[in-house]
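> what's the 3D shape of this:
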Amino acid sequence: MTTAITGGQLVTGLDSDPIPNSTVVIVGDRIAAAGPAADVTIPADANTIDAAGHTVLPGLIDCHVHSTYRARDVKQHLLNTPSYNILRSTQIIEETLACGITSAREMSGADAGFRAAIDEQLIPGPRLQISILMISQTGGHGDYWVPAGMHIPKRAWLHSPVADGPEEIRKLVRHVLMAGADFVKVCASGGITSVTDSWDEPQYTVEEIRVAVEEAANKGKTVAVHAEGTSGIKRALEAKVHSIEHGWFIDEECVDRMIDQDTWWVPTIALVPLSVQHRKTNTQWSTQQLGDEEKKDNEILSLFEKQRSLWRDAVRRGVKVAMGSDQSHRLMTGNNLVELEYMVDWLGISPMEAIVCATGRAAECMQRPDLGALEPGRLADVVVVEGDPLSDIKLLQCRDNVKLIMKDGTIYKQALVE
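Okay, here's the model as predicted:
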């Protein structure tokens, strides 16, 4: 099938100026042509879609999602069967596609069956790169222990993510790669949602993280590292990981090393302030719980404010940034693109730069040169949004503004005139 999208403002996903009155031609699952309307010939057999007054973008990429369901309430989670949680996950996956995300890095929770079901069109969703597990030390951010003395699997269909010491880590990394992981995820620090640790404590030694990097490299794969606190970030950088996920408390030394090593940063900025808003309206929290969480939230937000100038300087100096929302626990499901607003506000980048971080640069982070841009030969992932997100990045947050979503040349949503 041949499709031509005409008349819209074209944002290619690369570091180039927008093109007014453009034409994009799709043949099968590939982009055949894209550019000014005067320079592109529309094939006679093309189905033409009028995008005048709209902006034509590459399919957007979220480099940090958790697309499988678990109940936020621990008691309810224990009452849910694994099959129920899997079926609830299909809704999360479809909502992710429905906001314009056509590709994503899945940061633990989805195994190869989810990826295959999407690829075979059994369920609608973005194409996934999967890590399967978030590998953690005992008592670390991925060890789901509660004070009652139980280890509670968030996703009961998965292998335990806990390993200690180089040889246990080597074996577990080999296991997830055997099970079909596209990349490996390791926790190098605690997390703000952890029960047994703090976000600023380092986890795993450099030697342990390096074993994961070496084993992944043997299969041509990379390692993404959850790291919030400075010490954990530095250990991950010493081990030469591919990407730092969160990385909120980078310092100048981290920035220098990230630039020298071409390390990717996926900052997931929106999650913390949105979590604060969510808790204030969530009636499941007791007064004491809410008070404890608000105290922790206010501390983190205060530290975020202090980091803002360093973040902006890191981006200005050339740290490679890819968009990631940390869609998880349904908090940001279908609202992934709120992250772009926070990237503009907190990182000091333009709306165009934010969009490139969610398209061309995100494709580089995923090591998928066939994604992320509207140019001949790339896969035909296309999003058309009403209005001009280069003037107002918030336009991308409203699904009603997203008028067309195409993935692999197949239209998932179409609300434009043909």
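> quick one: low-confidence parts of the protein?
Low-confidence segments of the chain, defined by pLDDT under 70: 279-280, 282-293, 329-330.
> which residue sits farthest out from the middle of it?
The centre of the chain is farthest from one residue, A44, which by C-alpha atoms, centre = their mean lies 38.8 Å away.
> can you list the residues that contact stretch 13-24?
With contact meaning C-beta atoms under 8 Å, 6 or more residues apart in numbering, stretch 13-24 is reached by 4-12, 31, 33-37, 40, 42, 55-58, 352, 355-356, 359-360, 363, 372-375, 382, 390. C-beta: built from backbone N, CA, C; applies to glycine.
> next one: stretch 257-267
The contact list for stretch 257-267, computed with C-beta under 8 Å, 6+ apart, reads 63-64, 224, 234, 237, 240-248, 250, 311, 314, 317-324, 343, 347, 365.
> How far off centre is that stretch?
16 Å (C-alpha atoms, centre = their mean, to the nearest Å).
> Identify each buried residue in it, please.
For stretch 257-267, the neighbour count (16 or more other C-beta atoms under 10 Å) marks 257-258, 263-267 as buried.
> which residues in the stretch 251-400 of the chain form helices?
Along the stretch 251-400 of the chain, counting by DSSP state H, counting those that start in this stretch, helices occupy 252-261, 271-280, 287-317, 338-347, 351-357, 360-365.
> What is the burial count for E305?
E305 has 10 neighbours, counted by other C-beta atoms under 10 Å.
> re the thing from before, buried members of the contacts of stretch 13-24 into PyMOL, please.
This is how PyMOL selects the buried members of the contacts of stretch 13-24, with burial counted by 16+ other C-beta under 10 Å:
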select buried, resi 4+5+6+7+8+9+10+11+12+31+33+34+35+37+40+55+56+57+58+352+355+356+359+360+363+372+373+374+375+382+390
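> residues in contact with Y342?
Going by C-beta under 8 Å, 6+ apart, Y342 touches 269-270, 273.
> Same list, those residues, but as a markdown table with distance to L97 please.
Output for the contacts of Y342, formatted as a markdown table (distance: C-beta to C-beta, whole Å):
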| residue | distance to L97 |
| --- | --- |
| I269 | 23 |
| A270 | 19 |
| P273 | 25 |
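> Next, format the buried residues of stretch 257-267 as a markdown table and append distance to H141.
Formatted as a markdown table, these follow (distance: C-beta to C-beta, whole Å):
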| residue | distance to H141 |
| --- | --- |
| R257 | 22 |
| M258 | 21 |
| T263 | 20 |
| W264 | 20 |
| W265 | 19 |
| V266 | 16 |
| P267 | 17 |
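> Looking at those residues, which are in strands?
Within the buried residues of stretch 257-267, residues falling in strands by DSSP state E are 264-266.
> Now do the buried residues in stretch 177-186.
For stretch 177-186, the neighbour count (16+ other C-beta under 10 Å) marks 177, 181-186 as buried.
> looking at the helices of the stretch 251-400 of the chain, which is closest to L128?
L128 lies closest to helix 360-365 among the helices of the stretch 251-400 of the chain, at 13.6 Å (C-beta to C-beta).
> what packs against the closest one?
Other helices and strands packing on helix 360-365, by 3 or more C-beta pairs under 8 Å, 6 or more residues apart in numbering; DSSP states H and E, are strand 60-65, strand 101-106, strand 320-321.
> Mean neighbour count and distance to E228 added to the ones you listed, as CSV?
Converted to CSV, the helices and strands packed on helix 360-365 look like this (neighbours: other C-beta atoms under 10 Å; distance: least, C-beta to C-beta, whole Å):
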stretch, mean neighbour count, distance to E228
strand 60-65, 29, 13
strand 101-106, 28, 18
strand 320-321, 21, 17
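> isn't C365 right next to V356, touching?
No: counting by C-beta atoms under 8 Å, C365 does not reach V356; the two are 11.8 Å apart.
> ok, of the buried residues of stretch 177-186, which one's closest to A51?
Of all the buried residues of stretch 177-186, A51 sits closest to D182, with 32.8 Å by C-beta to C-beta.
> between the helices and strands packed on helix 360-365, which one is nearest to L404?
Closest to L404 of the helices and strands packed on helix 360-365 is strand 101-106 (C-beta to C-beta; 11.6 Å).
> so where do the strands sit in the stretch 101-250 of the chain?
Counting by DSSP state E, counting those that start in this stretch, the stretch 101-250 of the chain has these strands, from start to end: 101-106, 127-130, 134-135, 145-146, 150-151, 184-187, 223-227, 243-246.
> so which of these gets nearest Q414?
Q414 lies closest to strand 101-106 among the strands of the stretch 101-250 of the chain, at 14.5 Å (C-beta to C-beta).
> how about the CA coordinates for the closest one, as PDB?
The C-alpha coordinates for strand 101-106 follow below in PDB (Å, rounded to 0.1, in the frame of the first residue of the first chain):
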ATOM      1  CA  ILE A 101       4.800   6.100  21.300                       C
ATOM      2  CA  THR A 102       5.600   3.500  18.500                       C
ATOM      3  CA  SER A 103       8.800   2.100  20.100                       C
ATOM      4  CA  ALA A 104      10.000   1.700  23.700                       C
ATOM      5  CA  ARG A 105      12.700   0.200  25.900                       C
ATOM      6  CA  GLU A 106      10.900  -2.000  28.400                       C
END
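> which other helices and strands contact that strand?
With contacts taken as 3+ C-beta pairs under 8 Å, 6+ apart, strand 101-106 sits against strand 60-65, strand 127-130, helix 360-365, strand 402-407.
> what sits up against it?
Applying C-beta under 8 Å, 6+ apart, the contact partners of strand 101-106 are 59-67, 96, 114-115, 126-131, 183, 224, 324, 336-337, 362-363, 365-366, 368, 371-372, 381, 383, 405-407.
> Who does it pair with, and is each partner parallel or antiparallel?
Note on strand 101-106: by DSSP bridges, its sheet partners are strand 60-65 (parallel), strand 127-130 (parallel).
> Next, format those strands as CSV and append distance to R399.
CSV is the format used below for the strands paired with strand 101-106 (distance: least, C-beta to C-beta, whole Å):
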stretch, distance to R399
strand 60-65, 13
strand 127-130, 20
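> one step back: list buried residues within the contacts of stretch 257-267.
Buried by 16+ other C-beta under 10 Å: 63-64, 224, 234, 237, 240-248, 250, 311, 314, 319-324, 343, 347, 365, out of the contacts of stretch 257-267.
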